[in-house]
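# sequence? don't have it. structure:
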């Protein structure tokens, strides 16, 4: 059986207090054009209390690109599922391309506390499951929807706009798959389960449930030689004691399974490309692969062998980095096909 197509998803730059509004808007444009030029199919658009509205950011990045789609992070506490489905349909009709959805159950603890959200980890995933079912049904069913769940109820709700959507604009759904509750929602929604993984060889001999599409999130810094790649990575992500303290705090207070798992010690052989430095310094939210193109491609092949075909990559800061990412995935695909 031939493997399914590879999906490479970049990331929208994040907004912080040190940025001017104009600079951030320009960074979205630059990053989107770069990602499209180098073959990425989508860009993750973040959503939390500090970020610009993700739907406005999504519309902005679509306005000056031709093919790339947004993968909009959707938090049930922010928006009713009908509104999300209507936004997906509206943007798809305007730009004639898909608008993908990344369903998030949690977020920063203080953000949840501000909403007085007392649901447990698994209850939040149950809410995401119901939320996603309503969105999926509104976008795919041409008749009025009646749905009665513990978190959401609708009666005869109809999104007529959805019937106008091009079939090629059907959205991809993603959800964190690092916990049993998240994996159950991925299966329920037909979503791609995105995991935050250890090196591929840590999963040798482990059988993964069938019927689920798997993906992972990571950063990549590759160059012609291992030394060059590590020089760039360590210059770009230097040790940061304050950042480490912040990361340790979030690890303590979060109930996220992947946050806890990445906070554990892991033994990495000398010379292996897997690196948690940017994550532990609170400079990134995922592991990195750092090394020569051949070393990084070899590790990607290990993930391909596990069944992963969707990769959310940390936003490449330069055209050179975007080209390197494009190159190592092409090398990995060629090696994997040859096997």
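Here it is on my side, so go on. Just so you know, these numbers come straight off a predicted model, no measurement behind them.
# and the residue nearest the centre of the chain?
Against the mean C-alpha coordinate of the chain, by CA atoms, centre = their mean, the closest residue is residue 312 at 4.9 Å.
# for the host helix or strand of residue 186, packing partners?
Using DSSP states H and E, residue 186 maps to helix 180-189. Contacts defined by 3 or more CB pairs under 8 Å, 6 or more residues apart in numbering; DSSP states H and E place helix 180-189 against helix 121-140, strand 173-176, strand 192-195. Every residue, glycine included, has its C-beta placed from N, CA and C.
# partner strands of the last one, parallel or antiparallel?
For strand 192-195, the paired strands and their directions (DSSP bridges) read strand 173-176 (parallel), strand 213-223 (parallel).
# give me the next element, helix or strand, following the longest one.
What that stands for is strand 213-223. Next helix or strand after strand 213-223 toward the C-terminus (DSSP H and E): helix 226-236.
# just want the angle from that following helix to strand 213-223.
Taking axes from the mean of the first three to the mean of the last three CA atoms, to 10 degrees, one finds helix 226-236 and strand 213-223 inclined to each other by 100 degrees.
# for the very next helix or strand once past helix 226-236, which outside residues touch it?
Sequence-wise, the next helix or strand downstream of helix 226-236 (DSSP H and E) is helix 241-253. Defining contact as CB atoms under 8 Å, 6 or more residues apart in numbering, one finds that helix 241-253 is touched by 108-109, 259-260, 263, 279-283.
# average pLDDT across helix 241-253?
Average pLDDT, helix 241-253: 86.
# next SSE after it?
That would be, after helix 241-253 and using DSSP H and E, helix 257-262.
# quick one: list the elements packing against that next one.
Using 3+ CB pairs under 8 Å, 6+ apart, helix 257-262 is in contact with helix 241-253.
# which of the residues in the helix it packs on are buried?
243, 247, 250-251 (16 or more other CB atoms under 10 Å).
# any chance of JSON lines for those residues, columns distance to residue 9?
Listed next are the buried residues of helix 241-253 as JSON lines, based on distance: CB to CB, whole Å:
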{"residue": "243", "distance to residue 9": "25"}
{"residue": "247", "distance to residue 9": "24"}
{"residue": "250", "distance to residue 9": "24"}
{"residue": "251", "distance to residue 9": "25"}
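# kindly indicate which of the residues you listed lies nearest residue 317.
residue 243 (17.4 Å; CB to CB).
# would you agree residue 134 is in contact with residue 81?
Yes - counting by CB atoms under 8 Å, residue 134 does reach residue 81; the two are 4.1 Å apart.
# which residues in this structure form helices?
21-37, 54-63, 81-95, 109-114, 121-140, 180-189, 226-236, 241-253, 257-262, 277-280, 293-305, 319-338 (DSSP state H).
# quick one: the last one to helix 21-37, angle?
When the same axes, to 10 degrees is applied, the directions of helix 319-338 and helix 21-37 differ by 30 degrees.
# so how far is helix 319-338 from its chain's centroid?
Distance of helix 319-338 from its chain centroid, counting by CA atoms, centre = their mean, to the nearest Å, is 19 Å.
# quick one, that helix and helix 293-305 angle?
Per the same axes, to 10 degrees, the angle that helix 319-338 makes with helix 293-305 is 50 degrees.
# ok, which of the strands paired with strand 192-195 comes nearest residue 255?
Here strand 173-176 is closest among the strands paired with strand 192-195 (CB to CB), at 12.3 Å.
# give me the contact list for that closest one.
So strand 173-176 is contacted by 71, 100-105, 128, 132, 136, 182, 185-186, 189-195, 215, 256, 258, 310, 312 (CB under 8 Å, 6+ apart).
# how's the chain carved up into domains?
1-195, 218-308+317-339 (automatic domain parsing).
# the ones you listed: which one's closest to residue 207?
That would be domain 218-308+317-339 among the domains of the chain, by CB to CB, at 10.6 Å.
# buried sites along stretch 60-75?
Those buried within stretch 60-75 under the rule 16+ other CB under 10 Å are 60-62, 65, 68-75.
# returning to what we had before: with distance to residue 11 added, can I get the helices of the chain in TSV?
Converted to TSV, the helices of the chain look like this (distance: least, CB to CB, whole Å):
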stretch	distance to residue 11
helix 21-37	8
helix 54-63	11
helix 81-95	19
helix 109-114	19
helix 121-140	21
helix 180-189	20
helix 226-236	15
helix 241-253	19
helix 257-262	16
helix 277-280	13
helix 293-305	18
helix 319-338	12
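# out of those helices, which is closest to residue 6?
helix 319-338 (6.4 Å).
# please convert the helices and strands packed on helix 180-189 to CSV, extending it with distance to residue 295.
Formatted as CSV, these follow (distance: least, CB to CB, whole Å):
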stretch, distance to residue 295
helix 121-140, 36
strand 173-176, 27
strand 192-195, 21
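# where in the stretch 101-250 of the chain is pLDDT low?
Low-confidence segments of the stretch 101-250 of the chain (pLDDT under 70): 107.
# picking that back up, weed out the non-buried ones from the contacts of strand 173-176.
By 16+ other CB under 10 Å, the contacts of strand 173-176 give 71, 100-105, 128, 132, 136, 182, 185-186, 189, 191-195, 215, 256, 258, 310, 312 as buried.
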